[in-house]
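Participant: sharing a model prediction with you, sequence too.
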Amino acid sequence: MSNFDDFEDDDTLMAKEALKEMLVSEIEIIRDTLSIVNMFFGENLKAGFKMLQELEPNKINDNNEQTS
């Protein structure tokens with residue numbers, strides 16, 4: 001006989017359910033944390049990146065004019 005016969009006993013099934021619950025709980029905590037971070041920083045970061053993108057072409061043009 002192989003050792004795999006004992007593998008699917010009730011204790012293992014209970015352990016699988018407990019692990020599943022812990023993983024789902026961790027995923028929910030991470031999702032909630034990201035939602036909170038997005039509420040406070042999401043729009044501000046988007047606005048900041050947009051402003052930097054608008055300033056970047058001006059910076060490149062200014063550097064080209066100075067070297068010419």
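Facilitator: Perfect, I can see it now.
Participant: buried sites along whichever helix in the chain runs longest?
Facilitator: Ranked by number of residues, the top helix in the chain under DSSP state H is helix 10-37. Neighbour counts over helix 10-37 (16 or more other Cβ atoms under 10 Å) mark no residue as buried. Glycine gets a C-beta too; all of them are placed from N, C-alpha and C.
Participant: what mean pLDDT does that helix have?
Facilitator: Here helix 10-37 scores 88 as its mean pLDDT.
Participant: check stretch 50-63 too.
Facilitator: 76.
Participant: pull up the gap between Ile29 and Ile36, please.
Facilitator: 11 Å (Cβ to Cβ, to the nearest Å).
Participant: my error: substitute Val24 in the last question.
Facilitator: 19 Å.
Participant: and for Lys46?
Facilitator: Taken as Cβ to Cβ, the span from Lys46 to Ile36 is 17 Å.
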